[in-house]
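1. coords please:
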Amino acid sequence: MTTLSDTPKRYGLVSRALHWGMAALFAVQFLSAAAHWALPRENALREALWSYHATLGTTLLILVILRGIWGLINISRRPSHSGTMGQAAKVGHIALYLLMAVVPSLKLLAYAGGTRGFTYLGIEILSARITEISWMQALGGWHGELGWVLAFLVVGHIAMACIWHRIILRDDTLKRMVG
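-> Okay, the predicted model is just below:
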């Protein structure tokens, strides 16, 4: 029987739904950023993907916060990571969570200090300013670079799960999150 909460043997339904749902959304988010970077300015695909980048990023930030809260609630019941590789996994997961929170937060900071403002799902969240606040724009400038660092860590996370755990160690680490 599937439980909502995590257990020492596997992640519960809520953790798995958040993990895989966010994985799909991050894949689309990285695809939109790659298209924005690689395709010419007037490309229809580039513009279509980019048109929801900010909304999707804000949705992901909300999900990261919810997932972090859920993880803290379940921290004593979660599957453990032991040994040197387990400690490396903990550090890697902390880096992933930090970047998943920091990357969109930097862009929101840039919006807060910018002349365009920001709306989320049609609701004005941050009003447009008459003049930009330069330090907010400067910090917001790190959004893209740290976004690519996050993408690199995600690829490493996938490689560790699929190659290291599934193919080399042949352990049940991936099964804990698959269900």
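2. Distance-wise, check the residue of the chain positioned farthest from its centre relative to G113.
-> Counting by C-alpha atoms, centre = their mean, the extreme residue of the chain relative to its mean C-alpha position is I130, 31.5 Å from that point. Taken as C-beta to C-beta, to the nearest Å, the spacing of I130 relative to G113 amounts to 12 Å. C-beta: built from backbone N, CA, C; applies to glycine.
3. if we can go back for a sec, please, which helix or strand holds the residue farthest from the centre of the chain?
-> I130 is located outside every helix and strand, with elements delineated by DSSP states H and E.
4. now it, nearest residue through space, not along the chain?
-> The spatially closest residue to I130, leaving aside those adjacent along the chain, is T115, at 7.1 Å (C-beta to C-beta, 6 or more residues apart in numbering).
5. could you point out the longest helix in this structure?
-> The residue-count maximum for a helix in the chain (DSSP state H) belongs to helix 83-112.
6. Give me the buried stretch members for the helix or strand following that helix, please.
-> Stepping forward along the backbone from helix 83-112, the first helix or strand reached (DSSP H and E) is strand 118-120. Residues of strand 118-120 classed as buried under the neighbour-count rule (16 or more other C-beta atoms under 10 Å) are F118.
7. And for strand 118-120, what's in contact with it?
-> Strand 118-120 is contacted by residues 54-55, 58, 108, 111-112, 124-126 when judged by C-beta atoms under 8 Å, 6 or more residues apart in numbering.
8. Could you rerun that using 7 Å?
-> With contact meaning C-beta atoms under 7 Å, 6 or more residues apart in numbering, strand 118-120 is reached by 55, 58, 108, 111, 125-126.
9. What is the least confident helix or strand in the protein?
-> Of all helical and strand segments in the chain, the minimum by mean pLDDT, DSSP states H and E falls on helix 173-178, at a mean of 80.
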